[in-house]
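Enquirer: Mind looking at a prediction? Sequence and model below.
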Amino acid sequence: MATSGLILQLGCDVSTSSAFSAGLSASKQRPLRCFSHKNCPHLILKRRGIIKIRSTGFGRESCWEKPHKGYISMSLVLKEDKEKNKEENLLPERDELWLEMRSECRRDAEAEPTLASYLYSTILAHRSLENALAFHLGNKLSNSTLLSSQLYNLIADVFMEDAYIRECIRADIKAFRERDAACVSYSHCLLNFKGFSACQAHRVAHRLWNQGRVSLALAIQSRVSEVFAVDIHPAARIGKGVFFDHATGVVVGETATIGDNVSILHHVTLGGTGKYGGDRHPKIGDGVLIGAGATILGNIRIGEGAKIGAGSVVLIEVPSYTTAVGNPARLVGGKRSPSMLKEIPSKTMDHTSFITSLPVPI
């Protein structure tokens, strides 16, 4: 586990906590130091399965054992006893985005002490954006039989093996920050935006699918659907800089493709028609904006820079830089001379500019 520390949450069973075991393993059974309180350092040791917590705070020293079913009464932030190293030296390379996220978390931890343990365990305890994201997704997608430690190792390995996925992660998180006025920081996006989390989990499932690990890819898809209410088939192809706004109810079929810099709102369906296999799902070009509740069916192409109005049902191909609205959808301006967009809609996030092009009712 590539972390410099981790957190035992309030009320967790110390001696059976997988997070604690992972921490001991990462430290090669060396003592770990608690820095949850500057004036009350703790040393956590494990000897023959017994957890010992040694306190040297408040001018006195004491030591006690926690029984197998004992509970910690406070959150402990654990850290390897190597505080002399600077944080920048722990990073594999200078990643400005990652450094900015860490700075944001330090600021938030100081402003909201209640979140300090959560922020340390999820972001500040990790050496890279990829490790932090793997840890976060592993916790989100785990259940009683699919352990977070297993998922962490799996996801982290995928991220480290695929440079394109690492590029997509950064492009996606920047897209969320730039296109959503409600996104106050990069760390806020990673921790709280399920559209971002669902998209990154899909990237992992997609790689596993392409490697022939079908069962595992489908298991991750199922967990993403349960946890985030986003259902993307592992075979679907998604470009970089993709923004799933809100994301609830998004469905993307097996043979669908989504280009670069696309923005998709909640309850959008990229579906097929009929029960037969083959290439049967939509192909979304670069820079497309798809409004909330839109449904696009069949093996049709939505051209680069096109806009799909909210609630539309699209059954026809949409040329580049045009707008389709309605049920069934029609091109604004007509099929012969459709109104052309002058800007990339996925970046402007303008859902209503086409209204001025519609005929005014008498």
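Expert: Yep, it's here. Numbering: from 1, shown residues only.

Enquirer: can we go C-alpha only for contacts and neighbour counts from here?
Expert: Fine.

Enquirer: so who does the residue nearest to the spatial centre of the chain touch?
Expert: Closest to where the C-alpha atoms of the chain average out (Cα atoms, centre = their mean) is residue 197, at 2.0 Å. Residue 197 is in contact with 137, 190, counting by Cα atoms under 8 Å, 6 or more residues apart in numbering.

Enquirer: start the count at 36, not 1, going forward
Expert: With the count now opening at 36, the last piece we talked about shows up as residue 232.

Enquirer: Please settle this for me: is it part of a helix?
Expert: Yes - Residue 232 sits within a helix when classified using DSSP: H, G, I helix; E, B strand; the rest coil.

Enquirer: now it: how far from residue 168?
Expert: Remark: distance between residue 232 and residue 168 (Cα to Cα, to the nearest Å) = 8 Å.

Enquirer: Kindly report the same for residue 375.
Expert: 39 Å.

Enquirer: These two: which is more packed in?
Expert: residue 168 (24 against 16; other Cα atoms under 10 Å).

Enquirer: can I assume that one is in contact with residue 225?
Expert: Yes - using Cα atoms under 8 Å, residue 168 makes contact with residue 225 at a distance of 7.3 Å.

Enquirer: State the distance from residue 138 to residue 172.
Expert: Counting by Cα to Cα - residue 138 and residue 172 are separated by 21 Å.

Enquirer: Neighbour count: the two, which is higher?
Expert: residue 172 (24 against 14).

Enquirer: how about that one, secondary structure?
Expert: Per three-state DSSP, residue 172 ends up helix.

Enquirer: Show me the strands in the stretch 286-397 of the chain, by range?
Expert: 286-287, 292-293, 298-299, 304-306, 318-319, 324-325, 330-332, 336-337, 342-343, 348-349, 358-361, 364-366 (DSSP state E, counting those that start in this stretch).

Enquirer: which residues are contacting the third one?
Expert: Contacting residues not belonging to strand 298-299 are listed as 277-280, 282, 322-327, 381-382, 384 [Cα under 8 Å, 6+ apart].

Enquirer: do stretch 211-227 as well
Expert: Contacts for stretch 211-227 (Cα under 8 Å, 6+ apart): 135-137, 139-140, 168, 171, 208-209, 231-232, 278, 280, 382-384.

Enquirer: for the record, mean pLDDT for it?
Expert: Mean per-residue pLDDT for stretch 211-227: 96.

Enquirer: List the buried residues in stretch 185-203.
Expert: For stretch 185-203, burial by neighbour count (16 or more other Cα atoms under 10 Å) applies to 186-188, 190-191, 193-194, 200-201, 203.

Enquirer: Figure out how far that stretch is from the centre of its chain.
Expert: When distances are taken as Cα atoms, centre = their mean, to the nearest Å, stretch 185-203 is centred 12 Å away from the chain's centroid.

Enquirer: pLDDT of it, averaged?
Expert: pLDDT averaged over stretch 185-203 gives 96.

Enquirer: Please apply the same query to stretch 358-375.
Expert: 93.

Enquirer: can you check stretch 155-169 too?
Expert: 96.

Enquirer: pull the CA atoms of the helix or strand containing residue 251 into PDB?
Expert: Counting by DSSP states H and E, the element that carries residue 251 is helix 249-263. Provided in PDB are the C-alpha atoms of helix 249-263 (Å, rounded to 0.1, in the frame of the first residue of the first chain):
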ATOM      1  CA  VAL A 249     -15.000 -10.200 -18.200                       C
ATOM      2  CA  SER A 250     -16.400 -11.400 -14.900                       C
ATOM      3  CA  LEU A 251     -14.400  -8.900 -12.900                       C
ATOM      4  CA  ALA A 252     -15.200  -6.100 -15.300                       C
ATOM      5  CA  LEU A 253     -18.900  -6.900 -15.000                       C
ATOM      6  CA  ALA A 254     -18.700  -7.100 -11.200                       C
ATOM      7  CA  ILE A 255     -17.200  -3.600 -11.100                       C
ATOM      8  CA  GLN A 256     -20.000  -2.300 -13.400                       C
ATOM      9  CA  SER A 257     -22.600  -3.800 -11.100                       C
ATOM     10  CA  ARG A 258     -21.100  -2.200  -8.100                       C
ATOM     11  CA  VAL A 259     -20.800   1.200  -9.800                       C
ATOM     12  CA  SER A 260     -24.500   0.900 -10.800                       C
ATOM     13  CA  GLU A 261     -25.500   0.100  -7.200                       C
ATOM     14  CA  VAL A 262     -23.300   2.800  -5.500                       C
ATOM     15  CA  PHE A 263     -23.400   5.700  -8.000                       C
END
